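1. Please find the sequence and the predicted model below.
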Number of protein chains: 4
Amino acid sequence: MTISKENIEEQALLKELEKYTTSIAHLGHVEIGVTNLEKSTWFFTEVMGLYISDQEDDRVYLRAWQDFDHHTLVLKQSDTSGVKQVGWRVATEQALKGFEKQLTDMNIDFNWVEAGQKKAIGDSIQFKSPAGLPVELYWEKELYVNNDPAIASKMPSHPSKYTGKGVAPRRFDHVNFMVNDVEKEQQWWSDFLGIHHRYYVKNEEDVRIGSWLSRTNIAHEIALMRNANQDGALFHHLAYYLDSPDELIRACNLMAENDIKIEWGPGKHGTSGAQFIYVIEPSGNRVEIWTGGLLIFAPDWEPIKWSPEVGLLGLDLWGSVAPESYFTYGTKLL
Amino acid sequence: MTISKENIEEQALLKELEKYTTSIAHLGHVEIGVTNLEKSTWFFTEVMGLYISDQEDDRVYLRAWQDFDHHTLVLKQSDTSGVKQVGWRVATEQALKGFEKQLTDMNIDFNWVEAGQKKAIGDSIQFKSPAGLPVELYWEKELYVNNDPAIASKMPSHPSKYTGKGVAPRRFDHVNFMVNDVEKEQQWWSDFLGIHHRYYVKNEEDVRIGSWLSRTNIAHEIALMRNANQDGALFHHLAYYLDSPDELIRACNLMAENDIKIEWGPGKHGTSGAQFIYVIEPSGNRVEIWTGGLLIFAPDWEPIKWSPEVGLLGLDLWGSVAPESYFTYGTKLL
Amino acid sequence: MTISKENIEEQALLKELEKYTTSIAHLGHVEIGVTNLEKSTWFFTEVMGLYISDQEDDRVYLRAWQDFDHHTLVLKQSDTSGVKQVGWRVATEQALKGFEKQLTDMNIDFNWVEAGQKKAIGDSIQFKSPAGLPVELYWEKELYVNNDPAIASKMPSHPSKYTGKGVAPRRFDHVNFMVNDVEKEQQWWSDFLGIHHRYYVKNEEDVRIGSWLSRTNIAHEIALMRNANQDGALFHHLAYYLDSPDELIRACNLMAENDIKIEWGPGKHGTSGAQFIYVIEPSGNRVEIWTGGLLIFAPDWEPIKWSPEVGLLGLDLWGSVAPESYFTYGTKLL
Amino acid sequence: MTISKENIEEQALLKELEKYTTSIAHLGHVEIGVTNLEKSTWFFTEVMGLYISDQEDDRVYLRAWQDFDHHTLVLKQSDTSGVKQVGWRVATEQALKGFEKQLTDMNIDFNWVEAGQKKAIGDSIQFKSPAGLPVELYWEKELYVNNDPAIASKMPSHPSKYTGKGVAPRRFDHVNFMVNDVEKEQQWWSDFLGIHHRYYVKNEEDVRIGSWLSRTNIAHEIALMRNANQDGALFHHLAYYLDSPDELIRACNLMAENDIKIEWGPGKHGTSGAQFIYVIEPSGNRVEIWTGGLLIFAPDWEPIKWSPEVGLLGLDLWGSVAPESYFTYGTKLL
């Protein structure tokens, strides 16, 4: 192609177009390593009330009753507990190629994983964020097909029946990581992946201790919190969503009866307005159960700043103080 | 510009790009005519617990406690009750010009309304859908600025304080119209405005009796229901969103104590999974208060079909039957 | 004993004392006949989430998770569905003898049933009210002893674990009968059995269409409603109690998924303030699930009158109208 | 009267009868001293949503929306915050004379306060428990008569309208005191006043750290907790009752927006199963807002023991640990 005015304009147009087509649609799933697959499976099915959509020798595929996809959580038997992969669905079929090009341009290592390699997932690209957080982008993912009469529903909007068993969240919600430098990591997620910055908390030294981001209208799909120990990135938690505060209190009761320690909560994040509890599943990964809060619609949303004077209310509007472990404990990036 | 290969490709690129930039972000507000401004204002403030952000001789501007915009509802003293305008925010600054071009190309009449003509709104374009539903597109809208100490909150995520007064919905949710031909109208909204079709109900004659659409991740921002009388388009209702089923029951109690007739509910729409009540405000417009239900994330979502066998459960999962008025009564398009 | 002033005073004192010792403590259980024991057992265990504490060939003994007694519901395989017995615990050990004496004095037929004849129940007296409602008085009843590790709780206040399975009511609440003459029947229950009259509804002909009574502080333990067909006494329903309106809505969802028709509700009885749904269990008996409402503490409580102008709000504060079947359908007195 | 067999038997009968007639019906009200009447009134009306039924220069009479009595709380301007009086309604008209006789027999000082001395209360007897807790017994108390159209309800079961303003509890629930010796104090309340012992917690030294008692079917009307400082009796808190966990969470939000510190909670007392928060009102008295939990019906109820292994779960089933202040801080007995 010879260089010409038309050429240049076309390049600019292509670049602009790429901005729209090479984008992410939403968070899709998380794969975690568990040291005790049996006990963790018990927790996620009997206590949490998730459903097994498939399983292999060392893996269990799970979803909430209204998750439309084949799975939103994968448990993998592992020597160490922690996170293995976080999957994000891209917004268009051509986006995968777009991201491949961008990663190449930016000299970021990635793996292109062919369809068929991973259960229920089409082609995908895997790479790491600057802090080392795993990212997996994909376009195709099988929808859940109900072939278990025990949980078949005649309601077309119910991919499986609402049985009310266990905590019974409606859907997968978000993931949360601890990193050393929240601000830097957030900028990469927003600039490169287009995940919008929604709200953040600053401490009295004017250091950002948390940033919450989402591509969709929910308050956040990924959160980045400052590791108080400054010893690198850790997996903080994964979260499922409940329909009401009352169901959260029901969840507390189920935790008590099942000897699952509630690390913190019930409380209400002032930032998002969502009510929460945190528990540690049998293999040591933290799980949040949450409900309510705000949705964000503005296309030019300005991140909400929770300054030090009210920062603790950003973490719990009702005034409880998080336990020390909340700011230091996490599981590994596997 | 001479015709050439480059020209043609550039045109194709521009067209593709236009598809992404000329799009809608979200439903923003609804303006209704009320025959009794005083009583309707009483209802929306004292019973519903909305806040007045501004008022003029014949207009009252209202918002829910966590609506970030200047207003989401406008009441205008009017000879006839009904809807005057439904405002949608576009996704990008250039989208307004894009829609202007498209309307011109399609020979659809529109008004370009300069900024300053309407309170808190920048430039806007007003036109009608095929069934005559009013559409107002805008990019700029003032955010709510709290200058009333009585409802100022120290919580940065609270544009105004949660006082718990009245029904106290969190935010504006959606609008609903009755039309003669649901299918045809839905296609226009999806094709021209890019509002995704989410779910629909068919009756035993295989006629579509309702379609629900949204641009964002919420279940719907606009619904189109078949006018059982087939006498044209009517305004069916506007809806505000509550945080929990328990708050909906609290709303029922407040309606009872305030002599506001609940037309239907509490029930649960099987389609969206949201719990609802419908009431008629003092000037005759229908208002829905609802809570819960599903969010939709898939970029290639296939509309869920509720066929006749379960269609009534789509309307109320719990089995109650809507009153006749629900399928025939609406207020005017003003 | 010769007749003397002392004798006479002693008799008066004894009579006065008898008034206090010959009294009822609370409603204890209901035994119903079911034409399909298997399906009814499925309903009460899998859908309602009651627990089986014992079973025989043709009987199943059930209780809610926090019912402290051995059982609060007995299902008995039967040719006809309906109620067989309603058990009331008396307030003192000597009360049984007191009631025996009073029944004899009043020429009311009764059976004295020796301990051991009925599972988990000590000596009891069985007789009928004027309208033919079965009454069983007893003092001794075994407490539930948990010998099932699957539902054992380490919480001393939990006779069995809260598992959250099914509707999972906290406890048995009340029974309800239709009779021809509400006023007459209520007077007998209050005068002879000392069950206090709490509130009533009158229709436009000034006829009492319902009276609600309790011995304890709960709003009612037995209700008497006018049979609109005037064809005698019928069993209207039995009721279990939930902790919150949100759990009631969860119950609605479980009914929908399990194809159990909700006859009426969710609504709110204006009289008691309790939220309700009514369903028909597989053998045809009506079951109410309810939550909330008032407690009554005053020892000189005056029954609350709901006159015709607001009577329908007494039935549903939110304005829905009960289906015709609610005023006419019941199962038999077996 | 000469001594004779008949005499002696008559005395025994009279004594037995006295046991039944000289009894308490229920907790009626609490009068507290507040150092800042204006701010405390603001808290109880604007934040808590209680209603003023009467007021004097230095006193405000309050009730919850469904409290049927004239008042359940009295605020009195005072130099020191604390409790002044706790009122209990007796079960029969003759009980006041019975208690007078018993107090005389037991050489316990008391004041007989003539009707008219205290607003809305008939004759009363005032005395102290062994630990010094104030007790006021009365038979007559005016019912609340609605003469304020703003809160008049057409619902006969609503002594005033449910407006939903503030926390809006349904009714007054209980009082709680700290004493040095829980066991001894509990025995006096049960033996002399007939307030049944419902459940208790023991610490690892086998010392009782709390006992909860009620005359009615509610879990407790008075609680006695061990003062960890062993410096005598203090007023721990008064409590109002909400209808649902969701309303408790709404209460938390209102506390946050009104800058009222939540001392502990939301949590769930394992003992009673009730959900709670504790706040300190502006004059320093502790207030509990609670909801749910068990009712007690058995006339021969055995107090539930929470032994040290699970005692903390008795305080919070969900595992949070009460702040130090909870075991040491109280206001004075005035």
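-> Yep, that arrived.

2. Please count neighbours and contacts with C-alpha atoms only from this point.
-> Will do.

3. Please save the CA atoms from the biggest strand by length in chain A in PDB.
-> As assigned by DSSP state E, the longest strand anywhere in chain A is strand A:24-34. The C-alpha trace of strand A:24-34 is given here as PDB (Å, rounded to 0.1, in the frame of the first residue of the first chain):
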ATOM      1  CA  ILE A  24     -14.400  -6.800  26.900                       C
ATOM      2  CA  ALA A  25     -18.000  -7.700  27.500                       C
ATOM      3  CA  HIS A  26     -18.000  -9.000  31.100                       C
ATOM      4  CA  LEU A  27     -16.300 -11.200  33.700                       C
ATOM      5  CA  GLY A  28     -17.100 -14.800  33.000                       C
ATOM      6  CA  HIS A  29     -15.500 -17.300  35.400                       C
ATOM      7  CA  VAL A  30     -12.700 -18.000  37.900                       C
ATOM      8  CA  GLU A  31     -10.700 -21.100  38.300                       C
ATOM      9  CA  ILE A  32      -9.200 -21.800  41.700                       C
ATOM     10  CA  GLY A  33      -6.800 -24.300  43.100                       C
ATOM     11  CA  VAL A  34      -8.000 -26.100  46.100                       C
END
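
4. So that strand, near chain B or not?
-> Yes - judged by CA under 8 Å from any CA of the partner chain, strand A:24-34 and chain B are in contact via A:Ala25, A:His26.

5. for that strand, packing partners?
-> Applying 3 or more CA pairs under 8 Å, 6 or more residues apart in numbering or on different chains; DSSP states H and E, we find strand A:24-34 packed against strand A:73-77, strand A:82-90, strand A:171-179.

6. could you redo the last one with a cut-off of 6 Å?
-> strand A:73-77, strand A:82-90 (3 or more CA pairs under 6 Å, 6 or more residues apart in numbering or on different chains; DSSP states H and E).

7. Direction included, what does it pair against?
-> Strand A:24-34 pairs in its sheet with strand A:73-77 (parallel), strand A:82-90 (antiparallel), by DSSP bridges.

8. can you give me how far the first one is from the chain middle?
-> Pointing back at strand A:73-77 there. 15 Å (CA atoms, centre = their mean, to the nearest Å).

9. Name the surrounding residues that touch that strand.
-> With contacts defined as CA atoms under 6 Å, 6 or more residues apart in numbering or on different chains, strand A:73-77 is touched by A:29-35, A:37, A:58-62.

10. Mind putting the strands paired with strand A:24-34 into CSV with mean pLDDT?
-> Formatted as CSV, the strands paired with strand A:24-34 follow (pLDDT from 0 to 100):
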stretch, mean pLDDT
strand A:73-77, 98
strand A:82-90, 98
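
11. Give the buried residues for stretch A:7-27.
-> A:10, A:13-14, A:17-18, A:20-27 (16 or more other CA atoms under 10 Å in any protein chain shown).

12. ugh, wrong one, stretch A:186-200
-> Applying 16+ other CA under 10 Å to stretch A:186-200 flags A:Gln186, A:Gln187, A:Trp189, A:Leu193, A:Gly194, A:Ile195, A:His196, A:His197, A:Arg198, A:Tyr199, A:Tyr200 as buried.

13. Stretch A:152-165 now?
-> A:152-165.

14. go on, stretch A:51-60?
-> For stretch A:51-60, using 16+ other CA under 10 Å, the buried residues are A:Tyr51, A:Ile52, A:Ser53, A:Arg59, A:Val60.

15. is it true that the second one lies in a strand?
-> Looking back up the chat, that one is A:Ile52. Yes - with DSSP: H, G, I helix; E, B strand; the rest coil as the criterion, A:Ile52 is located in a strand.

16. Hmm, it is touching A:Leu62, no?
-> Yes - between A:Ile52 and A:Leu62 there is a contact under CA atoms under 6 Å: 4.6 Å.

17. Kindly write the ChimeraX command that selects the buried subset of the contacts of strand A:73-77.
-> The buried residues among the contacts of strand A:73-77 can be selected in ChimeraX (16+ other CA under 10 Å) with this line:
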select /A:29,30,31,32,33,34,35,37,59,60,61,62
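
18. Max pairwise distance over the contacts of strand A:73-77: which two?
-> By the measure CA to CA, A:His29 and A:Thr35 form the most distant pair in those, at 19.5 Å.

19. Convert the C-alpha atoms of the helix-or-strand element of chain A with minimal mean pLDDT to PDB, please.
-> Counting by mean pLDDT, DSSP states H and E, chain A has its least confident helix or strand at helix A:5-21, which shows a mean of 78. Taking C-alpha atoms only, helix A:5-21 is exported to PDB below (Å, rounded to 0.1, in the frame of the first residue of the first chain):
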ATOM      1  CA  LYS A   5      -3.900  10.900   2.400                       C
ATOM      2  CA  GLU A   6      -6.500   8.200   2.000                       C
ATOM      3  CA  ASN A   7      -4.200   5.600   3.500                       C
ATOM      4  CA  ILE A   8      -3.600   7.700   6.600                       C
ATOM      5  CA  GLU A   9      -7.200   8.500   7.100                       C
ATOM      6  CA  GLU A  10      -8.100   4.800   6.700                       C
ATOM      7  CA  GLN A  11      -5.500   3.900   9.300                       C
ATOM      8  CA  ALA A  12      -7.000   6.400  11.700                       C
ATOM      9  CA  LEU A  13     -10.400   5.100  11.100                       C
ATOM     10  CA  LEU A  14      -9.300   1.500  11.500                       C
ATOM     11  CA  LYS A  15      -7.600   2.400  14.800                       C
ATOM     12  CA  GLU A  16     -10.800   4.100  16.000                       C
ATOM     13  CA  LEU A  17     -12.900   1.200  15.000                       C
ATOM     14  CA  GLU A  18     -10.500  -1.200  16.700                       C
ATOM     15  CA  LYS A  19     -11.200   0.700  20.000                       C
ATOM     16  CA  TYR A  20     -14.800  -0.300  19.800                       C
ATOM     17  CA  THR A  21     -14.400  -3.800  18.500                       C
END
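
20. Can you give the contact residues for that helix?
-> A:Ala95, B:Leu17.

21. picking up where we left off before, and which of the buried residues of stretch A:51-60 is nearest chain B?
-> A:Tyr51 (17.9 Å; CA to the nearest CA).

22. roughly how far apart are the closest one and chain C?
-> Distance check for A:Tyr51 against chain C: by CA to the nearest CA, to the nearest Å, it reads 15 Å.

23. same check, this time on A:Trp42
-> Taking CA to the nearest CA, one finds A:Trp42 at 14 Å from chain C.

24. quick revisit: check which helices and strands the very next helix or strand once past the longest strand of chain A is in contact with.
-> The first helix or strand that comes after strand A:24-34 along the chain, using DSSP states H and E, is helix A:37-42. Judged by 3+ CA pairs under 6 Å, 6+ apart, helix A:37-42 is in contact with no other helix or strand.

25. Send me helix A:37-42 as CSV with only the CA atoms.
-> The C-alpha coordinates for helix A:37-42 follow below in CSV (Å, rounded to 0.1, in the frame of the first residue of the first chain):
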residue,chain,number,x,y,z
LEU,A,37,-11.2,-30.9,46.4
GLU,A,38,-13.7,-33.0,48.3
LYS,A,39,-14.3,-30.6,51.1
SER,A,40,-14.3,-27.6,48.8
THR,A,41,-16.8,-29.3,46.6
TRP,A,42,-18.9,-30.0,49.7
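
26. I appreciate the help and will end here.
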